[in-house]
Structures are given as structure tokens and as C-alpha cells.
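In: A structural model of the following input is requested.
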Amino acid sequence: MYFVLSKFEPKIHRTIYIKDPATSDLGRKILKYSVDLIDELGFEEFNFRKLGKHIHSTEASIYRYFDSKHKLLIYLSSWYWGWIEYRLTFRNANINDPVQKLTKAVEILADFVEVKSDSEILDTHKLFRIIFSESSKAYLIKDVDILNKDGVYYNYKQLVSAVSDIIHEINPTYPYPHMLTTTVIEGIHHQMFFSLHLKSLTDRKEGEHSILVFYKNLIFKQLNIKTEL
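Out: Model (predicted):
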């Protein structure tokens, strides 16, 4: 069963794109079908020539929106992180207990399949597969410091700050809220990837919420929270 989050409009940093792809039919096609192709081919095999052929346009027309496929990956990642933060805000809007808020946050990070966006542009299930398989390539690069100064990782940092703020509510003296948050986020992605491709590196079992339970356990034990998992 799904429930839909409506009215989500991502705020993507201006330095990521040349022309905002959300403002034109061609731009929206670039986003939609880049998700399809990256999910199908993988980021290494994906390129603008193949995308142009797929959408019956030219490679040059795509370069009017993004100066590289790497910037396109950053755009898609930023859209995803903004959407996750939106979901977190939506789910926690009427919750005052920070432990409950943290529980919801971990559930959102680890249990994607129950929620979809009403976006007509992006297939969020394919995007999720791209995120846990490819998103680290957005920042594990030589130019990361230059890109960071340009603000391109804003959405990811905002999400990490939002979860870290909840941790600070629970325990204002806990010294590692950002480290704990990124450990959970990146660990969830690794375990999702391992469960599909390198099964001996994980204990996830089909039909079980193993990853969710594991990371709830991890984060709650770090914060000395006693709760039923």
C-alpha cells in the first residue's frame, strides 16, 4: 500500500544546472528518462548521447541544461534528498516527542517502498535504486571541495542537519550527531546494495525489515534510548 505526498517542489541549488530542467517539457523529459536509463544501464554506461537518442533529441540540447552527466546525477540526488527531508517534515509535523520523531526519521530513511511522490517527472522507485547504487559518486570525486563551495550538496547537508537536530533534542550532549546520521544513511544504502549484489556482506533477508531493525538498534543504543523495535 502506498500513500502519496503532494505539493512537493524541490529546491535545487542554481549552480547544479545551466537551465532549470523543471521549467520546460524537454527538461522534464531529460530528468524522467535519465532516471530510466541510469537505472537500466548504470551511471558509467549512461551518457548524453544515449539519452538524446532515447528522447529523440540531440546531445547538444541536453548540454543546454547540464554541463556534464555528473551534474545531472547531483541534480537527481539533490531532488531525492529534498524529497526525503520533505517527507520527514510531513511525518513529524504533529509529533512532539523527539524519540518518536527519530523513529519516524529512521523509518523514512530505511523503508522507502511504502511511499511514493506524486511527481509526474520522476519514477521514485527507480530513483531510489540509483541513490543507493550511484549517489556516492556525486561526492567521492577529486573536485568535491570546489563543488561544495558552490553549494551543490546543500540538500544532503540539510537532511543530515534535520536528523542531527532531532538527535540533539534527545541528547544535547551527544557529541557526534552528524557522524551518527551519515553513518545510518550511508550504511542503509550499502546494505541495500549488498542485499542485491553482494549477499555475503549483509544479513538482510527477503520479507524482513532487517535493515530498519538494525539501524534503529544502532542509533538507539548510541543514544541510550530504551524502546521496542
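In: and the longest helix anywhere in the chain, which residues are buried?
Out: For the chain, the helix with the greatest residue count under DSSP state H is helix 69-91. Residues of helix 69-91 classed as buried by neighbour count (16 or more other C-beta atoms under 10 Å): 69, 71-88, 90-91. The way it works is simple: take the backbone N, C-alpha and C, and place the C-beta from them, glycine included.
In: pull the residues that contact the helix or strand following that helix.
Out: With elements assigned by DSSP states H and E, the helix or strand that comes after helix 69-91 is helix 98-110. For helix 98-110, the surrounding residues in contact (C-beta atoms under 8 Å, 6 or more residues apart in numbering) are 84, 87-88, 91-92, 95, 115, 162-163, 166-167, 169-170, 184-185, 188, 209, 211-212, 215-216, 219, 223, 225, 227.
In: low-confidence ranges in the protein?
Out: Along the chain, the parts satisfying pLDDT under 70 run over 1-7, 111-120, 227-229.
In: other SSEs contacting the helix or strand hosting residue 196?
Out: Following DSSP H and E, the helix or strand that holds residue 196 is helix 177-197. Judged by 3 or more C-beta pairs under 8 Å, 6 or more residues apart in numbering; DSSP states H and E, the packing partners of helix 177-197 are helix 98-110, helix 124-134, helix 154-170, helix 210-222.
In: contacts only, for residue 222.
Out: By C-beta under 8 Å, 6+ apart, the contact set of residue 222 is 174, 180.
In: tell me how far it lies from residue 159.
Out: Counting by C-beta to C-beta, to the nearest Å, the gap from residue 222 to residue 159 is 19 Å.
In: just residue 29 next, same as before
Out: Distance from residue 29 to residue 159, by C-beta to C-beta: 27 Å.
In: follow-up on the earlier one: and the contacts of helix 98-110, which are buried?
Out: 84, 87-88, 91-92, 115, 162-163, 166-167, 170, 184-185, 188, 211-212, 215-216, 219, 223.
In: picking up where we left off before, and of the helices and strands packed on helix 177-197, who's closest to residue 203?
Out: Taking C-beta to C-beta, helix 210-222 is the member of the helices and strands packed on helix 177-197 nearest to residue 203, at 6.0 Å.
In: could you export that closest one as PDB, CA atoms only?
Out: What follows is helix 210-222, C-alpha atoms only, in PDB (Å, rounded to 0.1, in the frame of the first residue of the first chain):
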ATOM      1  CA  SER A 210      16.300  -6.300   8.700                       C
ATOM      2  CA  ILE A 211      18.000  -3.100   7.700                       C
ATOM      3  CA  LEU A 212      15.400  -1.000   9.500                       C
ATOM      4  CA  VAL A 213      15.700  -3.000  12.700                       C
ATOM      5  CA  PHE A 214      19.500  -3.000  12.600                       C
ATOM      6  CA  TYR A 215      19.800   0.800  12.200                       C
ATOM      7  CA  LYS A 216      17.100   1.500  14.800                       C
ATOM      8  CA  ASN A 217      19.100  -0.700  17.100                       C
ATOM      9  CA  LEU A 218      22.300   1.100  16.300                       C
ATOM     10  CA  ILE A 219      21.100   4.700  16.700                       C
ATOM     11  CA  PHE A 220      19.000   4.000  19.800                       C
ATOM     12  CA  LYS A 221      21.900   2.200  21.600                       C
ATOM     13  CA  GLN A 222      24.200   5.100  20.700                       C
END
